[in-house]
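Novice: sequence and predicted structure, then a few things I'm wondering about:
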Amino acid sequence: MARNCFYSFHYKPDCQRAAQIRQIRTIEGNKLASDNDWETITRGGNAAIERWIASQMKGKSCSIVLVGNNTASRKWINHEIIKSWDSGMGVVGIYIHGIKNLAGETSTKGNNPFDYITHGPTKQKLSSIVKCYSPGGATSKEKYAWIAQHLSNAVEEAIRIRKENR
């Protein structure tokens with residue numbers, strides 16, 4: 001049975017890369033908001049964005065943070081990571097800088113977003129608990145194949161890690 005997961009990513013630069021990852025059939029994810037939907041949501045301010053995120057996370061067992069060049073330390077990415085963790089969801093990161101967008105471009109590797117969040121009880125960086133995978137392979141196709149092969153196991157491991165770190 002495929003896990004139902006929430007995908008977190010920096011929309012503008014990474015939506016095409018994220019769309020490719022979201023098509024991997026071992027994981028079911030939240031519906032991607034169109035540009036028009038997102039404009040409507042953001043017009044409602046921070047409270048509307050928080051409500052939208054909460055509605056998208058409802059019933060999910062894990063958050064998959066797709067890490068691009070500028071994902072780390074973004075306000076809403078941090079919010080999604082913290083909300084996921086605090087809700088008892090598994091959390092895992094997957095670097096996507098090596099996946100091509102529609103123009104055939106890749107980007108440079110960004111920082112680990114879990115380095116910017118402190119785990120409350122231990123006061124350590126969340127990155128000391130949560131895993132962030134850098135897919136193997138030299139080409140975009142090889143990196144995509146790595147993600148397709150390992151994503152479901154990464155999600156299961158993230159759920160286990162979360163249960164062990166209450």
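Specialist: Happy to help now that I have it.
Novice: so residue 95 versus residue 71, what's the distance?
Specialist: Note on residue 95: its distance to residue 71, by Cβ to Cβ, to the nearest Å, is 9 Å. No exception for glycine: its C-beta is placed from N, CA and C like everyone else's.
Novice: joint contacts of those two?
Specialist: residue 110 (Cβ atoms under 8 Å, 6 or more residues apart in numbering).
Novice: so who does the spatially most central residue of the chain touch?
Specialist: Centroid check for the chain by Cα atoms, centre = their mean gives residue 65 as the closest residue, at 1.5 Å. Residue 65 makes contacts with 8-9, 71, 77, 80-81, 91-94, 113-114, 132, as judged by Cβ under 8 Å, 6+ apart.
Novice: so it sits in a strand?
Specialist: Yes - assessed with DSSP: H, G, I helix; E, B strand; the rest coil, residue 65 lies in a strand.
Novice: count of neighbours near residue 118?
Specialist: Using other Cβ atoms under 10 Å, residue 118 has 13 other residues around it.
Novice: quick check, pLDDT for it.
Specialist: Note on residue 118: pLDDT of 94.
Novice: which residues touch it?
Specialist: By Cβ under 8 Å, 6+ apart, the contact set of residue 118 is 124-126.
Novice: longest helix in this protein, by number of residues?
Specialist: Counting by DSSP state H, the longest helix found in the chain is helix 140-164.
Novice: which of the residues in it are buried?
Specialist: Using 16 or more other Cβ atoms under 10 Å as the test for burial, helix 140-164 gives 140, 143-144, 146-148, 150-152, 154-155, 157-159, 162.
Novice: neighbour-wise, which of the contacts of residue 118 leads?
Specialist: Within the contacts of residue 118, neighbour counts (other Cβ under 10 Å) peak at residue 126, which reaches 23 neighbours.
Novice: list phi and psi for it.
Specialist: phi -60, psi -30 (degrees, to the nearest 10).
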